[in-house]
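>>> Got a predicted model here, sequence first, then my questions.
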Protein chains: 2
Amino acid sequence: MKLNSAPRKSFRREGEDKRREDLIAATLECVAERGLAGATVREIALRADVTAGLIRYYFPTKDELIGAAYRAVMNRMTVQASDALKNAENDPRARLAAFVKANLGQPIMDPYNLSLWAGFITLVHADPAMAMAHRDGYLAFRDELEALIREALLAAEKPALPNHTRRHAIAVNAIIDGLWLEGCLAGDIFADGELADTGITAIEAVLGISLKAEGGAT
Amino acid sequence: MKLNSAPRKSFRREGEDKRREDLIAATLECVAERGLAGATVREIALRADVTAGLIRYYFPTKDELIGAAYRAVMNRMTVQASDALKNAENDPRARLAAFVKANLGQPIMDPYNLSLWAGFITLVHADPAMAMAHRDGYLAFRDELEALIREALLAAEKPALPNHTRRHAIAVNAIIDGLWLEGCLAGDIFADGELADTGITAIEAVLGISLKAEGGAT
DNA sequence: AGTGTATTTATACGCTTGCATAATTAGATC
DNA sequence: GATCTAATTATGCAAGCGTATAAATACACT
């Protein structure tokens, strides 16, 4: 005789897209707060205000949910960086500067994003599918950067040979990544905008051009 | 009635130091191959050719073993970088170059170093004591770098004002970190020594001095 | 050789995990 | 408003986890 049995959880039916987004968002919360290990199906379900079983309804396996969450983060970051380009001026040098500033400021340079990124890195090594997704993202980012660099060099009437721009892209990417890391890890010990300024100055030195002045009008 | 019971595993007694080192080494192997999640007590014990129970004899808890492994890697990395300085020439510019090369080559630039580091970012995020230790390590590294930079600038007869060297240290640190990251994540898509060369070239540009030539003899 | 003990193995327990599946229900359709 | 179906909950399971603890054994000492 079952007395006082807890009432079954009430629920609403949601569209497939909404649910997937919610589940991914809940996953990211977990990863950011307690690392990948903290992202259990039960905890994720709790955050999404859903029972654990539902996860499997939308994602055949947990790995697929994790993978989707990872892609979502990477996509969000690249989209945010690209958005900065859309609102930027026409001069290629200004565009490169805007791109750098966007990556070295809020909301991209944020401990939350680093936590997410670090949490997923572990997976990138273990899971080949993850590794490929990561490499694609990295190369896409670097290619975009290389294009920006080439145009900036040309605008400054400097040579832009492919093997040079490749090297430049690797170096500039490193500067951005490295400063992003420093900012995420210890943002409070830097003045506001200091890292972005430092990055732009360093990149100007590496490329041998100015990113601020209109410069070189014939 | 128990027939054919498997014989008890034979073993040798080892010194405490040896066993701890072996267990740490086994832990690092696990992390290197399958990430932190793959470093289970049973797998670690298997690699160390020991049964799982022994781990607890030397490390009260698994977290302590992981922590010891983390410290071992970090310590090894800083020692390796410092060793490179000891065997380096006397010229400050050559010393800085050697420091950079050491950090951007084997064995420091290695996927499992990144794996461990990334795995611990989560922990650093959660535990304030860990966070402080981590920050101290970062600042110590950057201070060492700043000292190297100051001496290199002076050797090149360039001004080395504190607020300049600070900025330079931040930028150079970013270049090293960023390239280290790129190399750890996708070392195979770079030619041998390419990242170290790229780093030195970029740093030369940022500092405005050459790290190769003896230069500036009055 | 015998004894003692620190080291190591072996076994088991409680918990959590991801996944499977049955039971329910919200909301559209007629 | 009855019906039907897809979305959701609820329950259970087998495997793996870290840890605790008892039993065995290698080795130093006498």
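Cool, got the structure. No experiment lies behind these values; they were computed from the predicted model shown. Residues are numbered from 1 along each chain as shown, chains lettered A, B, ... in the order given.
>>> Not counting its neighbours along the chain, what's nearest residue A:123?
The shortest distance from residue A:123 to any residue other than its chain neighbours is 4.8 Å, reached at residue A:130 (CB to CB, 6 or more residues apart in numbering or on different chains). Every C-beta, even on glycine, is put in place using the N, C-alpha and C of the backbone.
>>> what's the answer for residue A:37, then?
Ranked by CB to CB, 6+ apart and with sequence neighbours excluded, the top spatial neighbour of residue A:37 is residue B:37, at 7.1 Å.
>>> sorry, back to before: any buried residues in whatever helix or strand the residue nearest to residue A:123 lives in, and which?
Assessed by DSSP states H and E, residue A:130 sits inside helix A:128-155. Judged by neighbour count using 16 or more other CB atoms under 10 Å in any protein chain shown, the buried positions of helix A:128-155 are A:130, A:133-134, A:137-138, A:141-142, A:144-146, A:148-153, A:155.
>>> Is the residue nearest to residue A:37 in contact with residue A:36, as I believe?
Yes. The pair residue B:37 and residue A:36 passes the contact test of CB atoms under 8 Å, sitting 7.2 Å apart.
>>> Now do the helices in chain A.
According to DSSP state H, chain A carries its helices in the segments A:16-34, A:41-47, A:52-58, A:62-86, A:92-103, A:111-126, A:128-155, A:162-186, A:194-207.
>>> mind checking which of those helices is nearest DNA strand D?
Proximity to DNA strand D, assessed across these by CB to the nearest atom of the strand, is greatest for helix A:52-58 (2.4 Å).
>>> tell me how far the closest one is from the chain's mean position?
Distance of helix A:52-58 from its chain centroid, counting by CA atoms, centre = their mean, to the nearest Å, is 26 Å.
>>> Could you confirm whether that helix reaches DNA strand D?
Yes. Using CB under 7 Å from any atom of the strand, helix A:52-58 comes into contact with DNA strand D via A:52-54, A:57.
>>> For chain A, what lies in contact range of DNA strand D?
With the criterion set to CB under 7 Å from any atom of the strand, chain A comes near DNA strand D through A:5-9, A:11-14, A:16, A:19, A:49-54, A:57.
>>> Which entries within those residues meet the buried criterion?
Using 16+ other CB under 10 Å as the burial test, those include A:19, A:50, A:54 as buried.
>>> so the last one makes contact with residue A:46?
Put plainly, it is residue A:54. No. Using CB under 8 Å, residue A:54 is not in contact with residue A:46, being 11.7 Å away.
>>> what's near enough to touch the residue nearest to residue A:123?
Neighbour list for residue A:130: A:67, A:70, A:120, A:123-124 [criterion: CB atoms under 8 Å, 6 or more residues apart in numbering or on different chains].
>>> Closest to the centroid, which residue in chain A?
Ranked by distance to the mean C-alpha position of chain A (CA atoms, centre = their mean), the top residue is residue A:77 at 3.2 Å.
>>> OK, contacts around the residue lying closest to that one once chain neighbours are set aside?
Beyond its immediate neighbours in the sequence, the residue positioned closest to residue A:77 (CB to CB, 6+ apart) is residue A:108, lying 5.7 Å away. The contact partners of residue A:108, taken as CB under 8 Å, 6+ apart, are A:77, A:80-81, A:102, A:180.
>>> And the furthest pair within those?
Between any two of those, the greatest separation by CB to CB is 12.5 Å, found for A:80 and A:180.
>>> Ramachandran angles for the closest residue to residue A:153 other than its chain neighbours?
Spatial nearest neighbour of residue A:153, chain neighbours left out: residue A:160 (4.1 Å); criterion: CB to CB, 6+ apart. The phi and psi values for residue A:160, taken as degrees, to the nearest 10, are phi -140, psi 60.
>>> In terms of secondary structure, what does the helix or strand of chain A with the lowest mean pLDDT contact?
For chain A, using mean pLDDT, DSSP states H and E, the weakest element among its helices and strands is helix A:111-126, scoring a mean of 82. With contacts taken as 3 or more CB pairs under 8 Å, 6 or more residues apart in numbering or on different chains; DSSP states H and E, helix A:111-126 sits against helix A:16-34, helix A:62-86, helix A:128-155, helix A:162-186, helix B:111-126.
>>> Taking helix B:16-34 as reference, get the angle to it.
Regarding helix A:111-126 and helix B:16-34, their directions subtend 90 degrees when assessed with axes from the mean of the first three to the mean of the last three CA atoms, to 10 degrees.
>>> Mind listing what's buried along helix A:111-126?
Those buried within helix A:111-126 under the rule 16+ other CB under 10 Å are A:112-125.
>>> out of the buried ones among the residues of chain A next to DNA strand D, who's nearest DNA strand C?
Among these, residue A:54 lies closest to DNA strand C (CB to the nearest atom of the strand), at 8.5 Å.
>>> any idea how far residue A:26 is from that closest one?
Look at residue A:54 and residue A:26: by CB to CB, to the nearest Å, they are 11 Å apart.
>>> what residues are shared contacts of these two?
residue A:45.
>>> Can you spell out the domain ranges of chain A, please?
Here the domain parsing of chain A from automatic domain parsing is A:15-60, A:70-207.
>>> By mean pLDDT, show me the worst of those domains.
Looking at those, the lowest mean pLDDT belongs to domain A:70-207 (a mean of 91).
>>> What distance separates the opening and closing residues of it?
The first and final residues of domain A:70-207 sit 32 Å from each other (CA to CA, to the nearest Å).
>>> How about it and DNA strand C, touching?
No. Residues of domain A:70-207 are not located near DNA strand C by CB under 7 Å from any atom of the strand, the shortest gap being 12.4 Å.
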